[in-house]
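Student: Predicted coordinates and the sequence they were generated for:
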Number of protein chains: 2
Amino acid sequence: VKLGIGDDAAVLAPAGADSLVWTSDACVEGVHFDSKWLGSADVGFRSLQAAASDVAAMGARPLAALSNLILPASFGKAELSALARGQAEASRALGCPVVGGNLSRGAELSITTTVLGTCRQPLVRSGARPGDELWLVGDVGLAAAGLELLRAGIASRSRAAARCIRAWRRPVALVRTGMTLARYARAALDVSDGLRADAPRLADASGVRVIIEEAAFTKALDPALTSVARVLRVSPVELALTGGEDYALLAAGPSGTRPRSAQRIGRIERGRAAWFERADGQRLRLSGGFDHLSRE
Amino acid sequence: VKLGIGDDAAVLAPAGADSLVWTSDACVEGVHFDSKWLGSADVGFRSLQAAASDVAAMGARPLAALSNLILPASFGKAELSALARGQAEASRALGCPVVGGNLSRGAELSITTTVLGTCRQPLVRSGARPGDELWLVGDVGLAAAGLELLRAGIASRSRAAARCIRAWRRPVALVRTGMTLARYARAALDVSDGLRADAPRLADASGVRVIIEEAAFTKALDPALTSVARVLRVSPVELALTGGEDYALLAAGPSGTRPRSAQRIGRIERGRAAWFERADGQRLRLSGGFDHLSRE
């Protein structure tokens, strides 16, 4: 970064022969998050991690971020400094300085974060081939389970509950594992809206059929999810398929090249769409999920 | 642009030995614009031009943009496509493709635009030196005059009125002249909040005193501004000092190197703050202006 906050624009040093990866992500109060169960520091932390996750899913290293805040009049100075503190924590953890941005007044709190990253060869969504394995890096379902615990007002003090709530409040973009993945996988995307919505995107972009196999998938789930799902009286598989905001990575790659950080949860076939294949062989088509522009 | 819409992030080809310039700008309905007098196409057009203006002020060429829209439920499909049409018009005019972005629901319309640009040597705010001339590129006050005409409901059909209203509805980032300026000026910024607010920023960043000279400044004003100011019964100089959103460039450079596109409107001295020097020698300190976070 040659020039950060204080001028009209941030200036970044040239990246040599590498590609620049560039993404933008909005977090709107009441749409993407509910402040009832999130402190302002959490809001700041997760807004930067969510944007960085798109860069991680490209197998890139985040270089720097811009942050645009729209603040309602009710949002005080103490809250703003907590939000900035959360951003700074995420920024340090990611090695990604916030080099600029903007503050505006508005009716509702929103944070739009832009992250620029760099990589040798970006890992795109469109590279999956029939015969590839389907890989999961990181956990799915934990954040949704954590949010459900908070919504249901269940005051569990178990380690599993704390892990799920933390997964929702303080998600972490999988930058390092994304960079490793880029060396072995043929395609990847981050699971921000839940596998039910994101697996079909991988299928569409690559022009293939994505199969999630029940047995392999169930084995890949975190024990904390199973434990909290029991408390919530829901199926852990259901939570893991529908829950977003864990920022896991879904990838495809040739069998035999799978890095240790990735778990095999299915396979890629000729065809289209994404399917959940039950142990008895029945296939359920995955679709829908969370669309911020449609009311469910 | 190696990869645009459709993946997690946009990928840009490396820029060789040049610097990357990167900025982000939010337009919030009711704060930055009032839809009463702007069509959705205008909103789209000016949101991209406003962000590109920050890049122009660095003497850089815009490469590509990301657009994050937050749309209220009342914002229909026809309005969205008009907004996109306005963005596309600006994008073509600027040679700056919109390569990605995001759509979200929210309570109020807001557009956050991020623009990445490139230049050999960025033109920063901090380079002005005592003895430099103060230069203005483009017009100031026209957009404010246009908005005032609309607010006052004055249905003037004069060319001057049309010019002012167009300046407000369809501002144009001064990319080419910014690139020329970068070869001759020592410092520049864009006048987005009005000279009253932006001239002190140049002074602060450079550690100098900025003097706007009444005679030179009055000579630099567009005749359309003088004509519309008469209709509005306000002083054209007042409009030109306080009015923002024309996206003119304010610069400083050595006398004798001034490019033809720039007009001399004052000088840089040792000292601090920005001043308007009347013909009789009296100096008025410029300050305040439009701060989106304070209520005036």
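Tutor: Nice, thanks for sending it over. Residues are numbered from 1 along each chain as shown, chains lettered A, B, ... in the order given.

Student: Nearest spatial neighbour of residue A:203, chain-adjacent residues omitted?
Tutor: Of all residues not flanking residue A:203 in the chain, residue A:210 sits nearest, at 4.3 Å (CB to CB, 6 or more residues apart in numbering or on different chains). Heads up, the C-betas are built off the backbone N, CA and C, glycines and all.

Student: Any figure for the gap between that neighbour and residue A:219?
Tutor: According to CB to CB, to the nearest Å, residue A:210 stands 18 Å off from residue A:219.

Student: for the stretch 51-200 of chain A, which spans come out with low pLDDT?
Tutor: For the stretch 51-200 of chain A, no stretch has pLDDT under 70.

Student: all strands of the stretch 151-296 of chain A, in order?
Tutor: A:187-191, A:209-213, A:248-253, A:262-269, A:274-277, A:283-286 (DSSP state E, counting those that start in this stretch).

Student: how about JSON lines for these, with mean neighbour count added?
Tutor: Rendered in JSON lines, the data for those read as follows (neighbours: other CB atoms under 10 Å in any protein chain shown):
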{"stretch": "strand A:187-191", "mean neighbour count": "27"}
{"stretch": "strand A:209-213", "mean neighbour count": "23"}
{"stretch": "strand A:248-253", "mean neighbour count": "28"}
{"stretch": "strand A:262-269", "mean neighbour count": "21"}
{"stretch": "strand A:274-277", "mean neighbour count": "22"}
{"stretch": "strand A:283-286", "mean neighbour count": "15"}
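
Student: between these, which gets nearest to residue A:35?
Tutor: With distances scored as CB to CB, the stretch of those nearest to residue A:35 is strand A:187-191 (23.8 Å).

Student: Quick check: neighbours of that closest one in the sheet, parallel or antiparallel?
Tutor: Applying DSSP bridges to the sheet, strand A:187-191 is found paired with strand A:248-253 (antiparallel).

Student: What mean pLDDT does the partner strand get?
Tutor: Strand A:248-253 shows a mean pLDDT of 98.

Student: From the rest of the structure, what touches it?
Tutor: Applying CB atoms under 8 Å, 6 or more residues apart in numbering or on different chains, the external contacts of strand A:248-253 come out as A:56-57, A:123, A:127-129, A:132-140, A:174, A:177-178, A:181, A:184-191, A:195, A:198-199, A:202, A:206, A:208, A:210, A:262, A:268.

Student: Mind giving me the PyMOL command for buried ones among these?
Tutor: Those of those that count as buried under 16 or more other CB atoms under 10 Å in any protein chain shown are selected in PyMOL with:
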select buried, chain A and resi 56+57+123+127+128+132+133+134+135+136+137+138+139+140+174+177+178+181+184+185+186+187+188+189+190+191+195+198+199+202+206+208+210+262+268
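
Student: Sketch out the helices for the stretch 1-150 of chain A, chain order is fine.
Tutor: If DSSP state H, counting those that start in this stretch is used as the criterion, the helices of the stretch 1-150 of chain A fall at A:40-56, A:77-94, A:142-152.

Student: elements contacting the first one?
Tutor: Contact partners of helix A:40-56 among helices and strands, from 3 or more CB pairs under 8 Å, 6 or more residues apart in numbering or on different chains; DSSP states H and E: strand A:19-28, strand A:61-71, helix A:77-94, strand A:110-119, helix A:159-169, helix A:175-184, strand A:187-191.

Student: C-alpha coordinates for that helix, CSV please?
Tutor: Taking C-alpha atoms only, helix A:40-56 is exported to CSV below (Å, rounded to 0.1, in the frame of the first residue of the first chain):
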residue,chain,number,x,y,z
SER,A,40,-20.9,-3.5,17.1
ALA,A,41,-17.5,-5.0,17.3
ASP,A,42,-18.9,-8.3,16.0
VAL,A,43,-20.6,-6.4,13.1
GLY,A,44,-17.3,-4.8,12.2
PHE,A,45,-15.3,-8.0,12.5
ARG,A,46,-17.6,-10.1,10.4
SER,A,47,-18.2,-7.5,7.7
LEU,A,48,-14.5,-7.6,6.9
GLN,A,49,-14.2,-11.4,7.2
ALA,A,50,-17.2,-11.9,4.9
ALA,A,51,-15.6,-9.7,2.2
ALA,A,52,-12.2,-11.4,2.7
SER,A,53,-13.9,-14.8,2.3
ASP,A,54,-14.6,-14.1,-1.4
VAL,A,55,-10.9,-13.4,-1.9
ALA,A,56,-10.0,-16.6,0.0
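
Student: and that helix with strand A:110-119, angle?
Tutor: 40 degrees (axes from the mean of the first three to the mean of the last three CA atoms, to 10 degrees).

Student: Could you measure from residue A:280 over to residue B:235?
Tutor: Note on residue A:280: its distance to residue B:235, by CB to CB, is 82 Å.

Student: This completes my enquiry, with thanks.
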